[in-house]
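what's the 3D shape of this:
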Amino acid sequence: MTAPLRATTPEPALTCRYGTADDFDMEEFWTGITAFLGGTANVIMQLSLQPVAYGVMESPVESGRITVHPYKRLRTTLTYLAVALMGTDEDKRIYKEAVNISHRQIRSGPDSPVKYNAFDPTLQLWVAACLYWGIVDLEERLHGPLDPDTAEVFYQYASRLGTTLQMRREMWPADRAAFEEYWNSELATKTIDPRTRAFFNDMINLKMIAKPLRVFAPFQRFLVVGLLPPQLREQMRMTWTDRDERVMNALMHAIGATQRRFPKPVKLFPLNACLWDMRRRHRLGKPLV
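Next up is the predicted model:
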């Protein structure tokens, strides 16, 4: 397990080699491979909040269902990340409007076991928190701990993961110490029921894609188990040994050392491609989600 996020005391004009939160250079900080390595584990984190899980599992928006259109769902999810963290204000406005069209249909019905509404900003806060936590966890696994100033500036910048939709900026915990308190308290409340666990296992086992590609399922399961917080690993009834941790650390070190040599466009792939594709689709009048 990676070390917990380190608390720092925020300063009025915090600076580091990436600048302030207003001019943070996400393209210098980020690596696209984190989206591939951590995607499924992060979805499980997000859906460990039952209203989010049932909103996804019961969604009437068939075009966005991972069980029906897995590649399209992957594209739209990666595009949201790219737009929220690398896009312009206009990109974010355009993509928010497109996402909102789908989200308007996602609300619990009379037979739903839990109440949910995709426009609920508290649910969006949890999803944004999972995305932020996953990005930091993987970047540190690949490249080592962030220096405290960079970590705090990126934390403030990462509020865009929620404010690109309906989460209000003031809902984002004030600093990393406040975030760690929020994260730990929320994780302690998460439970995964049998229906959701079965949904997750199908996703981990790649049941939604062609059989020949399911050969990658064991590797995906290894990544998922290793990247889940221990509380959720237990809820999923998964085991993780010290040897597994050593193998994971060696793998991440090797990947990080290799991709560090790549030019920036290669490092950012597929996130830069998703942002380009979103702009192209908008220009041509094609659906964005």
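
what lies in contact with the lowest-mean-pLDDT helix or strand in the chain?
Lowest mean confidence among the helices and strands of the chain (mean pLDDT, DSSP states H and E): helix 26-29, at a mean of 88. Residues from elsewhere that reach helix 26-29 (C-beta atoms under 8 Å, 6 or more residues apart in numbering): 18, 85-86, 139, 150, 154, 157, 264, 268, 272. Every C-beta, even on glycine, is put in place using the N, C-alpha and C of the backbone.

Throw these into a markdown table and include distance to Cys130, thanks.
Below are the contacts of helix 26-29 laid out as a markdown table (distance: C-beta to C-beta, whole Å):
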| residue | distance to Cys130 |
| --- | --- |
| Tyr18 | 23 |
| Leu85 | 14 |
| Met86 | 19 |
| Glu139 | 15 |
| Thr150 | 21 |
| Phe154 | 16 |
| Tyr157 | 17 |
| Lys264 | 26 |
| Leu268 | 21 |
| Asn272 | 23 |
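
lowest-confidence one in these?
By pLDDT, Tyr18 ranks lowest within the contacts of helix 26-29, coming in at 61.

check which residues of the least confident helix or strand of the chain are buried.
Neighbour-count burial for helix 26-29 flags 26, 29 (criterion: 16 or more other C-beta atoms under 10 Å).

from the chain's centroid, how far away is the helix or strand following it?
Once the chain leaves helix 26-29, the next helix or strand it forms, by DSSP states H and E, is helix 33-47. Mean-position distance between helix 33-47 and its chain equals 6 Å (C-alpha atoms, centre = their mean, to the nearest Å).

and helix 33-47, what other elements does it pack with?
On a contact count with 3 or more C-beta pairs under 8 Å, 6 or more residues apart in numbering; DSSP states H and E, helix 33-47 meets helix 50-57, helix 70-86, helix 121-143, helix 194-204, helix 217-227, helix 242-259.

which among the ones you listed is found nearest to Arg283?
Nearest of those to Arg283, taken as C-beta to C-beta: helix 70-86 at 14.6 Å.

which elements pack onto that closest one?
Here helix 70-86 touches helix 26-29, helix 33-47, helix 89-103, helix 160-163, helix 271-284, going by 3+ C-beta pairs under 8 Å, 6+ apart.

if we go to 7 Å?
Applying 3 or more C-beta pairs under 7 Å, 6 or more residues apart in numbering; DSSP states H and E, one finds that helix 70-86 contacts helix 26-29, helix 89-103, helix 160-163, helix 271-284.

list the buried residues for that helix?
Neighbour counts over helix 70-86 (16+ other C-beta under 10 Å) mark 70, 73-86 as buried.

and stretch 132-151, by the same measure?
Residues 132-143, 146, 150-151 are the ones in stretch 132-151 that count as buried (16+ other C-beta under 10 Å).

tell me the secondary structure at the residue of the chain most remote from its centre.
Distance to the chain centre peaks in the chain at Pro110, reaching 29.9 Å (criterion: C-alpha atoms, centre = their mean). Look at Pro110: counting by DSSP: H, G, I helix; E, B strand; the rest coil, its state is coil.

could you report the pLDDT at it?
On the pLDDT scale, Pro110 gets 91.

that concludes my questions; thank you for your assistance.
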